[in-house]
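Enquirer: coords below, sequence missing:
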């Protein structure tokens, strides 16, 4: 993070707005950047859960002699542990003393009015915290797993989309259809999804497509259009959520009851450093990852059309 001084951050009159699609609805739903309802871990690698699979159903054919005779050899059911890792996040704020004190200096159009940013350090902290939330949102959705095998290796948490290996349907670069959505819901059902709190996560284009394929618009001279926020399948009701951090060619269907952020013991913290020359400096830091639960409870529709 570069030093914020009188050249890099100018003051203007006018209401303060943030530009761009910078929402983090997935992170907000699982507890936010502050780690509400988060799990804690004292090691970089943490268990997501363990799975076991029963053999396929079969109708026994056991005659009386076999049934009454010596018991046959036992069978063993093996278990597999699923793991993920937390990863460091950091955002640094450094504001010169002059920038902090000279909030009355204005650039751009001069007019009567109140300067909305009177504390540059507080504004930069807010902006950096929002950036950290965006980074977490992206990592928790589509991060690719990397273990920190030594101090010079960067850890990266496995995102829930990347972890979707059991329930996944390839769209083949076509627009999302109800048939493709039904196929994904059926695949999740066949693999044992519990369907308790299902949310469909999509980007802006696929949100429009979902409204097109599920919307019923009555004839009217005064009203038109559809904004589908819940859909019904044969296996569940699902809330539809737009997330600007979703990959453009992917839809995620996830049971939010089984998803939690995971933080180290210190959680999110802001530490102000010792005075650095004529500036004030500090940093937000967190070591965090995502526990997405068992893969039976989420799935992806991949390779969809993007326009």
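Expert: Everything's here; your move. Note that the structure is a prediction, hence the values are computed from the model and not measured.
Enquirer: report the buried residues of stretch 190-204.
Expert: 193, 194, 195, 197, 198, 199, 200, 201, 202, 203 (16 or more other Cβ atoms under 10 Å). From N, CA and C alone the C-beta is placed, and that goes for glycine too.
Enquirer: brain fart, stretch 159-178
Expert: 159, 160, 161, 162, 163, 164, 166, 167, 168, 169, 171, 176.
Enquirer: what of stretch 213-221?
Expert: residue 213.
Enquirer: residues in contact with that stretch?
Expert: When contacts are defined by Cβ atoms under 8 Å, 6 or more residues apart in numbering, stretch 213-221 is touched by residues 176, 177, 178, 181, 224, 225, 226, 228, 231.
Enquirer: which one of the buried residues of stretch 159-178 is nearest residue 9?
Expert: residue 159 (32.6 Å; Cβ to Cβ).
Enquirer: from the buried residues of stretch 159-178, which land in strands?
Expert: 168, 169 (DSSP state E).
Enquirer: distance to residue 55 and pLDDT for the buried residues of stretch 159-178 - can I get that in CSV?
Expert: What follows is these, written out as CSV (distance: Cβ to Cβ, whole Å; pLDDT from 0 to 100):
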residue, distance to residue 55, pLDDT
159, 32, 98
160, 29, 98
161, 30, 98
162, 29, 98
163, 25, 98
164, 25, 98
166, 17, 95
167, 21, 98
168, 24, 98
169, 26, 98
171, 32, 98
176, 35, 98
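Enquirer: turn the buried residues of stretch 159-178 into JSON lines, columns for distance to residue 82.
Expert: Converted to JSON lines, the buried residues of stretch 159-178 look like this (distance: Cβ to Cβ, whole Å):
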{"residue": "159", "distance to residue 82": "14"}
{"residue": "160", "distance to residue 82": "12"}
{"residue": "161", "distance to residue 82": "16"}
{"residue": "162", "distance to residue 82": "13"}
{"residue": "163", "distance to residue 82": "8"}
{"residue": "164", "distance to residue 82": "13"}
{"residue": "166", "distance to residue 82": "11"}
{"residue": "167", "distance to residue 82": "15"}
{"residue": "168", "distance to residue 82": "16"}
{"residue": "169", "distance to residue 82": "21"}
{"residue": "171", "distance to residue 82": "26"}
{"residue": "176", "distance to residue 82": "28"}
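Enquirer: pick the one among the buried residues of stretch 159-178 closest to residue 260.
Expert: Of the buried residues of stretch 159-178, the one sitting nearest to residue 260 (Cβ to Cβ) turns out to be residue 160, at 11.3 Å.
Enquirer: show only the entries of the contacts of stretch 213-221 found in strands.
Expert: Using DSSP E, the contacts of stretch 213-221 in strands are residue 231.
Enquirer: grab the two from the contacts of stretch 213-221 that are most spread out in space.
Expert: Pairwise over the contacts of stretch 213-221, using Cβ to Cβ, the maximum falls at 181 and 224, 23.8 Å.
Enquirer: these two - which one has more neighbours?
Expert: Between residue 181 and residue 224, counted using other Cβ atoms under 10 Å, residue 181 has the larger neighbour count: 21 against 9.
Enquirer: list the contacts of the more buried one.
Expert: So residue 181 contacts 210, 213, 231, 233, 251, 301 (Cβ under 8 Å, 6+ apart).
Enquirer: hmm, residue 182 and the fourth one touching each other?
Expert: Yes - with contact defined as Cβ atoms under 8 Å, residue 233 reaches residue 182; the gap is 6.3 Å.
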